[in-house]
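> Quick one: sequence and predicted model below, then my questions.
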Number of protein chains: 4
Amino acid sequence: MSTAKRRSSKKSPLEEIGAGARARLPDIHPVLVVIDMQNGYCAHGGSYEKFGADISVYTKIIPNVKRIIDACHDLRIPVFYTQQVREPSGIDLFTRRHRIIPRRRLEFFEKNPSCVIGTWDAEVIDELKPTEDDHIVIKRRDSAFQDTEFELWLKSIGADTIIFTGIDTCICVENSFREGFNKGYDVILISDATASSWLKLHKATLEEVRGSFGLVLTTGQLIDMLYTSRRGAAAFKLSTEHLE
Amino acid sequence: MSTAKRRSSKKSPLEEIGAGARARLPDIHPVLVVIDMQNGYCAHGGSYEKFGADISVYTKIIPNVKRIIDACHDLRIPVFYTQQVREPSGIDLFTRRHRIIPRRRLEFFEKNPSCVIGTWDAEVIDELKPTEDDHIVIKRRDSAFQDTEFELWLKSIGADTIIFTGIDTCICVENSFREGFNKGYDVILISDATASSWLKLHKATLEEVRGSFGLVLTTGQLIDMLYTSRRGAAAFKLSTEHLE
Amino acid sequence: MSTAKRRSSKKSPLEEIGAGARARLPDIHPVLVVIDMQNGYCAHGGSYEKFGADISVYTKIIPNVKRIIDACHDLRIPVFYTQQVREPSGIDLFTRRHRIIPRRRLEFFEKNPSCVIGTWDAEVIDELKPTEDDHIVIKRRDSAFQDTEFELWLKSIGADTIIFTGIDTCICVENSFREGFNKGYDVILISDATASSWLKLHKATLEEVRGSFGLVLTTGQLIDMLYTSRRGAAAFKLSTEHLE
Amino acid sequence: MSTAKRRSSKKSPLEEIGAGARARLPDIHPVLVVIDMQNGYCAHGGSYEKFGADISVYTKIIPNVKRIIDACHDLRIPVFYTQQVREPSGIDLFTRRHRIIPRRRLEFFEKNPSCVIGTWDAEVIDELKPTEDDHIVIKRRDSAFQDTEFELWLKSIGADTIIFTGIDTCICVENSFREGFNKGYDVILISDATASSWLKLHKATLEEVRGSFGLVLTTGQLIDMLYTSRRGAAAFKLSTEHLE
């Protein structure tokens, strides 16, 4: 699937795509989804920090996620938060079923289950606290779509495009945008409002989005695009530069 | 989620995982899945080659996939093939619904749809031709699970572990193992029996499997493990080395 | 959807629903689905007849289903056919997994599997033969939605309403409209273009549709409604009479 | 699909089924599910009663459901409760998406949404209050499987058989057992621990279960069967009489 030659051509297929997409994008019906920005993963005193993890890789995106949430509230773009939870009974631990399971999954979820439903650990962090108009999606597995009402709600409000922020880029965010794209939703990933404890893999995920799933934008580019798209004009001119 | 310190400890959590898993693994009920090894992507005269793509990155894994299929037939491990297809009507093209869509997806599937159902292009390549005892899963999207009977069949035969081979590592293989793991199946990815047109991303995917989803083995290691696991013994001693 | 004024009128809540719905219905984007009208169930020489079943209860609806298909072709309403199939290997037999299983399911599918994929038995009957513009959904279980690409295709063409015809009213048709309604599609069941080998249960299913899922119309009423709805006017006036 | 002749034969297929099933049934891994026994539907002061509905048809099964829950607790059979809920925002109302919608659905859910999440109305009734060992499944649509973690949990504990109790027989219970059967779970419906506001349709549903999905037992028969099945012996002798 090497497209190296085409990339050097004068009139690239990219421009053609851009041309086609540009005309339609002023009509997008986007939602914002904030994946798993919970105390257990991102707050001092949460279970990840207690476990000895360095949560700064996650906390550093909080200001950008906040800026995006504020813009969406301002523009009346629906905001969804996912909360990854576990039952007190342990019925939903990976270790209840899996026998081949990476240490990372085992340590966090078996010895010291994080984000048990109903606890402070499972709640969205204070800095990003949902308002009454926002929507909460409770999930048990990586994807925001798996075994949740997320798609039912997207249908209910007629959404066609999902803006992804939150953590971890390579696990829950990635499973969510892969499933979302394949279910027919357009995908926009915000490079500096998502984070992974594996920096190298975070970058690989951005490349995969650009190459196979959708747009990668920075927080600034997204906010710019959202405001301009409301006024019709040059909305997608910006974004096609970020699509491979 | 930095676990750097733990890695240097004498009794690593990895060994504990291995210890737990080792005892249970002789009982695995694995299936092999061969993802999208079709004429359209891997054969001379197929639609990818016609389009100008260099298919050698895909064809070079054929011998390894063949060795694994042969071993599975020998050991009576069920073999599944996926076939990515498109309707002649175009109803299932990504471009029918998506407005943000990377060039890669657009070019191959819109201008020159590959693997139209019922054509030679959609068939599994001759070198890996399914036998009457093998199973075919027709799919329309990236994951072998999405909108297919794959899981129903896994349940029907009581499978709990899926060995992934085929293409493309970072798209259809990756969506499949991510969804498979999250549905409760143990995941084994074969590093030299999967391939991606993006070499760098292929390696990133291997790291993600090791870190978050399951085992990465070579063809030789897998075949070794499959034969020894039938005899009880040291089956998983080998494999835990390849799990993070 | 403000119906405040109407609520104070003498008219019954039923009429209020009709009033609210009437205004919106000229815009419906319907598809027709023809469930399981295959040789195995409806043709002389098919597996049901061979087994000794009286297929006349199924064959008698063929003329009505044909009239509806013709009208849909005329009006360019997309037509989908489902085909219930079984693998030659038997991997998808109910009896492979179930231990509590009614005789009806056991006899037909275990001792003499009907509609094996690729055989004449599995094909749609000649009288209703799909054209090249129609769509085929291969399924393994009762619902047209389960493990199939049906919803992906509905999304692709922007459909919001499903007209159900075919067999058996109480099994495959019923599972399909129950799942369809709950996924957000409006449901219309055609009373004399569906059939069940259990007449009493056929009637119960009609009542359940009226009471909980959608419209029940006759073939004549549907065709009338489809043509008038194209011209705006009184389309739904007719149909609300058939909604509880 | 008339099977009249076979019914009069000396050695009926039913007995053969029974014979096959009997040998395997002492090994069943059942769970109990109690569908939607919430204040909103079954309690004085709940939204259904406020709306003017006669809830006695639902309340009369409470003692039987309680007996079954107690037996399951005694026998350490896992107990699941579903809670049908609605968001305060109304995003999950049927009326947000549907345009063809029966009055019953419209009245209860639009004008006076029942069982809003987090309210007393949404809680399980006091008489059947879940213990800490029981499991709660929050759902938005009719089926206990749709968009919920129910199947993940069934897999986690290795369950293969689902005992259905609760309300309404013809809507949420029925969608649940239809989907459960088709996903590969054995189905047992308790005739006097389920209820419908439509008595005639309740009976039709029982017939459909017997004919196409699984066992129909009374509360007494179930409890008898559960206790005897723990001791091996005649467990299924009883139950095959209730399978068509």
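Okay, I see it. These numbers were taken from a predicted model, which means no experiment stands behind them.
> nearest residue to A:Glu49 other than its sequence neighbours?
A:Ile55 (5.2 Å; C-beta to C-beta, 6 or more residues apart in numbering or on different chains). C-betas here are computed from N, CA, C, even on glycine.
> do you know how far that neighbour is from chain D?
For A:Ile55, the distance to chain D equals 27 Å [C-beta to the nearest C-beta, to the nearest Å].
> Give me the contact list for the helix of greatest length in chain A.
Identified as the longest helix of chain A according to DSSP state H is helix A:62-75. Helix A:62-75 is contacted by residues A:32, A:34, A:37, A:42, A:77-79, A:125, A:127-128, A:131, A:133, A:163, A:165-166, A:190, A:192-193, A:219, A:222-223, A:226-227, A:230 when judged by C-beta atoms under 8 Å, 6 or more residues apart in numbering or on different chains.
> Please repeat the previous calculation with a cut-off of 10 Å.
Applying C-beta atoms under 10 Å, 6 or more residues apart in numbering or on different chains, the set of residues contacting helix A:62-75 from outside is A:30-32, A:34-35, A:37, A:42, A:77-79, A:81, A:125, A:127-131, A:133-134, A:163, A:165-167, A:190-195, A:218-220, A:222-224, A:226-227, A:229-230.
> quick check, distance from the helix or strand following it to the centre of its chain.
Going down the chain from helix A:62-75, the next helix or strand is strand A:79-84, by DSSP states H and E. Relative to its chain's centre, strand A:79-84 lies at 10 Å (C-alpha atoms, centre = their mean, to the nearest Å).
> packing partners for strand A:79-84?
strand A:30-35, helix A:39-42, helix A:62-75, strand A:135-139, helix A:150-157, strand A:161-167 (3 or more C-beta pairs under 10 Å, 6 or more residues apart in numbering or on different chains; DSSP states H and E).
> between these, which gets nearest to D:Lys200?
helix A:150-157 (31.0 Å; C-beta to C-beta).
> Determine whether any part of the closest one lies close to chain B.
No. Helix A:150-157 stays clear of chain B (C-beta under 10 Å from any C-beta of the partner chain), getting no nearer than 12.7 Å.
> picking up where we left off before, so can I have a markdown table of the helices and strands packed on strand A:79-84 showing mean neighbour count and mean pLDDT?
Output for the helices and strands packed on strand A:79-84, formatted as a markdown table (neighbours: other C-beta atoms under 10 Å in any protein chain shown; pLDDT from 0 to 100):
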| stretch | mean neighbour count | mean pLDDT |
| --- | --- | --- |
| strand A:30-35 | 25 | 96 |
| helix A:39-42 | 26 | 96 |
| helix A:62-75 | 18 | 97 |
| strand A:135-139 | 18 | 98 |
| helix A:150-157 | 20 | 96 |
| strand A:161-167 | 26 | 97 |
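> how about these in TSV, adding distance to C:Ile68?
Compiled in TSV, the helices and strands packed on strand A:79-84 are given as follows (distance: least, C-beta to C-beta, whole Å):
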stretch	distance to C:Ile68
strand A:30-35	38
helix A:39-42	54
helix A:62-75	45
strand A:135-139	40
helix A:150-157	27
strand A:161-167	36
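> that older thread, let me know whether the residue nearest to A:Glu49 touches A:His44 as I believe.
Yes. Using C-beta atoms under 10 Å, A:Ile55 is in contact with A:His44, at 7.7 Å.
> and A:His208, how many neighbours does it have?
Check again: residue A:208 is Glu, not His. 25 (other C-beta atoms under 10 Å in any protein chain shown).
> Next: A:Ser191.
Neighbours around A:Ser191, by other C-beta under 10 Å: 22.
> One more: A:Lys50?
So A:Lys50, with other C-beta under 10 Å, has 13 neighbours.
> and it, which of the three is it?
helix (DSSP: H, G, I helix; E, B strand; the rest coil).
> From chain C, how far off is it?
41 Å.
> Would you mind measuring from that residue to A:Pro113?
12 Å (C-beta to C-beta, to the nearest Å).
> got it, and A:Ser156?
Taking C-beta to C-beta, one finds A:Ser156 at 32 Å from A:Pro113.
> Low-confidence stretches in chain A?
The model of chain A has pLDDT under 70 over residues A:1-27, A:106-112, A:229-244.
> ok, the longest strand anywhere in it near chain C or not?
The strand spanning the most residues in chain A, taking DSSP state E as the definition, is strand A:186-195. No. Using C-beta under 10 Å from any C-beta, strand A:186-195 stays clear of chain C, coming no nearer than 12.6 Å.
> After that strand, heading C-terminal, what element do we hit next?
helix A:199-208.
> how much does that next one deviate in direction from strand A:186-195?
170 degrees (axes from the mean of the first three to the mean of the last three C-alpha atoms, to 10 degrees).
> gap between helix A:199-208 and the chain center?
14 Å.
> Can you list the helices and strands that that helix packs against?
By 3+ C-beta pairs under 10 Å, 6+ apart, helix A:199-208 packs against helix A:174-182, strand A:186-195, strand A:214-217, helix B:199-208.
> Quick check, central residue of chain A?
The centre of chain A sits closest to A:Phe164, judged by C-alpha atoms, centre = their mean, with a distance of 2.9 Å.
> what is it paired to in the beta sheet?
In this structure, A:Phe164 bridges to A:Val33, A:Leu189 when assessed by DSSP bridges.
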